[in-house]
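**Student:** The following block contains a protein sequence and its predicted model.
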Amino acid sequence: MYPVLNKLPNKSDSKPLPIVVIGNGPSGICLSYLLSGYIPYIKRGSAHPHPILQRKLEETPEVPIIDQDLEYLSEGLEGRSQSPVALLFDTLLRPDTDFGGTAESVLTWWHETNRAIPHLVLGRNPPGGAWHLIEGSMITLSQGEWMGLPDLHLKDWMRNKRRGLRNNRATAEDIAQYYQHYVAKKGLQKNFICGTIVTSVRKVSPDVNSSYEQQEHEGNSDSFWDFPEKEDDQIANGNLFQVDGFIKNTNGCQQPFSVYAENVVLATGTYDSPTKLGVNGEDLPFVHHKLSALEEAVKNKRVGMTSDPVLIVGAGLTAADAILFAHHCNIPVIHAFRRRVNDPGLIFNQLPKMMYPEYHKVHQMMKEQSVTCPGPYECYISLPEHHVLSFTEDKKCIFQDKSGHQKVFNISMAFVLIGSNPNLSFLPNNGIDLAIDNEQPVNSKRNPINVDPFTYECVQEKGLYAVGPLAGDNFVRFVQGGALAVASSLLKKANKNPP
Ligand SMILES: Cc1cc2nc3c(=O)[nH]c(=O)nc-3n(C[C@H](O)[C@H](O)[C@H](O)COP(=O)(O)OP(=O)(O)OC[C@H]3O[C@@H](n4cnc5c(N)ncnc54)[C@H](O)[C@@H]3O)c2cc1C
């Protein structure tokens, strides 16, 4: 259990915090590690397999990576991310992983406490973010070592726990536990306040803040935070953010809080608001948008082998996990999705069969057992290139195919598993003004928050940063580069760079 209230200075009786991070998933954890004064240097005698990068690293071996010119170091790197800093940090941590190698990281970490910057990480769940919401038995898409955070190998932790990787992949439950362990092992707990929900982040305007300004002058020397007095100018210039929210206590009570921060980092991920179809009847009680609802329904015997089929909508990996789960429990399934089974954009057509046999099996079922061509699989039919028109109160679902023909099926429950969207309702205009296309909602794939590629500071709002899927980095191995960029920028701002 993390001590809670004593960490949150009340806005009326303390100075502003240098940094508040909202979201405690892998992005927030990695950032907290760096802000806690863990400084990455190049290991003496190490040789990076990328010859140009190695040459650059040799130029100033004594300067920590976090203080080097990230743009210069990352120039010319190529890989599976669009972000140069994500590629840089990933290749320093896992030098030859994309070529199937297991070379050790070229980084060594020094804990320089004088370079730590006080910060708080606020999050709804225990440390680990979305990984506490993903069904625990689900196996990660990524290889185990790509899920690890700096300087603590996932496989070593798994070995100590006597847990094994399956096909080089871990379960979501293992990953969630590893992230919690990471926070404890690296001594980061003091920065984390879990069970905290942020409801508003606003830039403080000078007039709104006048009473605060006065209170600050009255002073409170017991502040948890120990850093230099802020200039009046800073408040007058509106260079502060007010972060409001509430903390859920163990007894379920909600306690409001409000703090000021000089910098706010958005690390809230994109798993909180399931995408809706937007059709009639979608809010009926038998229609759900989370995989966990299927597991609960099976546990409570609300669906079983003899029920009408469950409908699963979607052709992503969560929908595939739902199909595998229902198949395992012998529950009949109707599976509807809009794309063609051979559409190259379909995730199944991008995964190597050998590494992902279970998803390959689902893809085979989708191809071989559609409503128009019966196949060998029991209790499953697919409806490719169909979309849901509506749900009715008597548990029917009406579909339309690509030629406009309609079909009606009786179903017991429906699970719409077509992705999720970030919930930025705590920002003015839902954060839309911060997006690359600032007329459309933020979306990790199509319309991420517009950040500077080497600092991850929002282009539209100085002092506000975004990391992880919000900034377009969708895999754990790549969210860490965003954290490096933010920490590097904040260290420079805090003037904590060595001379
Ligand atoms: C089903 C599934 C499978 C995945 N498989 C893989 C995989 O195999 N490999 C891989 O690399 N990636 C995978 N991902 C993606 C991975 O989960 C993300 O890249 C990663 O978790 C992003 O980390 P994050 O810290 O930015 O955000 P998150 O892990 O989403 O954490 C953000 C946290 O912030 C909290 N939060 C949000 N709003 C607020 C608020 N207002 N106040 C307080 N807290 C808030 C959220 O509740 C959440 O706990 C998968 C994702 C899903 C959904």
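**Tutor:** Thanks, I have it.
**Student:** For the rest of this, base every contact and every neighbour count on C-alpha atoms.
**Tutor:** Will do.
**Student:** residue nearest the centroid of the protein?
**Tutor:** Nearest residue to the geometric centre of the chain (CA atoms, centre = their mean): residue 269, 3.7 Å.
**Student:** what domains does the record give for this protein?
**Tutor:** Domain ranges of the chain: 5-194+421-493, 276-418, per automatic domain parsing.
**Student:** helix, strand or coil for the residue nearest to the centre of the chain?
**Tutor:** Classification of residue 269 using DSSP: H, G, I helix; E, B strand; the rest coil returns coil.
**Student:** distance of it from residue 129?
**Tutor:** 8 Å (CA to CA, to the nearest Å).
**Student:** Find the residues that touch each one of these two.
**Tutor:** 23, 25 (CA atoms under 8 Å, 6 or more residues apart in numbering).
**Student:** Buried deepest among the domains of the chain, which one?
**Tutor:** Highest mean neighbour count of the domains of the chain: domain 5-194+421-493, a mean of 19 (counted as mean count of other CA atoms under 10 Å).
**Student:** near the ligand at all, that domain?
**Tutor:** Yes. Using CA under 6 Å from any ligand atom, domain 5-194+421-493 reaches the ligand at 22-28, 122-125, 129-130, 134, 140-142, 147, 468-469, 474-477.
**Student:** now do stretch 258-265
**Tutor:** No. Applying CA under 6 Å from any ligand atom, one finds stretch 258-265 separated from the ligand by no less than 10.7 Å.
**Student:** Let me see the ranges of the helices in the protein.
**Tutor:** For the chain, helices defined by DSSP state H occupy the ranges 26-35, 51-59, 70-74, 84-93, 154-160, 172-185, 210-218, 232-236, 291-299, 317-328, 357-368, 476-493.
**Student:** is it possible to export those to JSON lines including distance to residue 242 and mean pLDDT?
**Tutor:** Listed next are the helices of the chain as JSON lines, based on distance: least, CA to CA, whole Å; pLDDT from 0 to 100:
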{"stretch": "helix 26-35", "distance to residue 242": "19", "mean pLDDT": "98"}
{"stretch": "helix 51-59", "distance to residue 242": "40", "mean pLDDT": "97"}
{"stretch": "helix 70-74", "distance to residue 242": "30", "mean pLDDT": "98"}
{"stretch": "helix 84-93", "distance to residue 242": "29", "mean pLDDT": "98"}
{"stretch": "helix 154-160", "distance to residue 242": "37", "mean pLDDT": "91"}
{"stretch": "helix 172-185", "distance to residue 242": "26", "mean pLDDT": "97"}
{"stretch": "helix 210-218", "distance to residue 242": "11", "mean pLDDT": "36"}
{"stretch": "helix 232-236", "distance to residue 242": "11", "mean pLDDT": "52"}
{"stretch": "helix 291-299", "distance to residue 242": "35", "mean pLDDT": "92"}
{"stretch": "helix 317-328", "distance to residue 242": "36", "mean pLDDT": "94"}
{"stretch": "helix 357-368", "distance to residue 242": "45", "mean pLDDT": "93"}
{"stretch": "helix 476-493", "distance to residue 242": "18", "mean pLDDT": "97"}
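**Student:** Which one, of those, ends up nearest to residue 395?
**Tutor:** helix 291-299 (15.6 Å; CA to CA).
**Student:** so what secondary structure elements neighbour the closest one?
**Tutor:** The contact analysis (3 or more CA pairs under 8 Å, 6 or more residues apart in numbering; DSSP states H and E) places helix 291-299 against helix 317-328.
**Student:** quick one: the longest strand anywhere in the chain to helix 476-493, angle?
**Tutor:** Looking across the chain with DSSP state E, the single longest strand is strand 254-266. Strand 254-266 runs at 90 degrees relative to helix 476-493, counting by axes from the mean of the first three to the mean of the last three CA atoms, to 10 degrees.
**Student:** Packing partners of strand 254-266?
**Tutor:** If contacts are counted by 3+ CA pairs under 8 Å, 6+ apart, strand 254-266 sits against strand 17-22, strand 241-248, strand 464-466.
**Student:** quick one: residue 291 and the ligand, what's the gap?
**Tutor:** 9 Å (CA to the nearest ligand atom, to the nearest Å).
**Student:** which residues sit in contact with that residue?
**Tutor:** 135, 318, 319, 322, 415, 417.
**Student:** Throw the domains of the chain into JSON lines and include distance to residue 203, thanks.
**Tutor:** JSON lines is the format used below for the domains of the chain (distance: least, CA to CA, whole Å):
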{"stretch": "domain 5-194+421-493", "distance to residue 203": "9"}
{"stretch": "domain 276-418", "distance to residue 203": "31"}
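**Student:** Convert stretch 58-74 to CSV, retaining C-alpha atoms only.
**Tutor:** Taking C-alpha atoms only, stretch 58-74 is exported to CSV below (Å, rounded to 0.1, in the frame of the first residue of the first chain):
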residue,chain,number,x,y,z
GLU,A,58,32.8,7.6,-28.5
GLU,A,59,33.0,11.4,-28.9
THR,A,60,31.9,12.2,-25.4
PRO,A,61,31.9,8.9,-23.4
GLU,A,62,31.9,10.7,-20.1
VAL,A,63,28.7,12.7,-20.7
PRO,A,64,25.5,10.9,-19.7
ILE,A,65,23.2,10.1,-22.6
ILE,A,66,20.5,12.2,-21.0
ASP,A,67,22.7,15.3,-21.3
GLN,A,68,23.8,14.7,-24.8
ASP,A,69,22.2,16.1,-28.0
LEU,A,70,19.5,13.5,-28.6
GLU,A,71,18.8,14.8,-32.1
TYR,A,72,22.4,14.3,-33.1
LEU,A,73,22.7,10.8,-31.6
SER,A,74,19.4,9.6,-33.1
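**Student:** Show residues contacting that stretch.
**Tutor:** Counting by CA under 8 Å, 6+ apart, residues outside stretch 58-74 touching it are 39-42, 53, 56-57, 84-85, 87-88, 454, 484-485, 487-488, 497.
**Student:** now do 6 Å
**Tutor:** 40, 41, 84, 88, 488 (CA atoms under 6 Å, 6 or more residues apart in numbering).
**Student:** between the residues you listed, which is nearest residue 381?
**Tutor:** The shortest approach to residue 381 among the contacts of stretch 58-74 belongs to residue 84, at 43.3 Å (CA to CA).
**Student:** Quick check: the closest residue to that closest one other than its chain neighbours vs the ligand, distance?
**Tutor:** In space, and not counting its chain neighbours, residue 84 is closest to residue 74: 5.4 Å by CA to CA, 6 or more residues apart in numbering. Remark: distance between residue 74 and the ligand (CA to the nearest ligand atom) = 21 Å.
**Student:** So which residues of the stretch 51-200 of the chain form strands?
**Tutor:** Taking DSSP state E, counting those that start in this stretch to define them, one finds strands in the stretch 51-200 of the chain at 107-111, 119-123, 192-194, 196-203.
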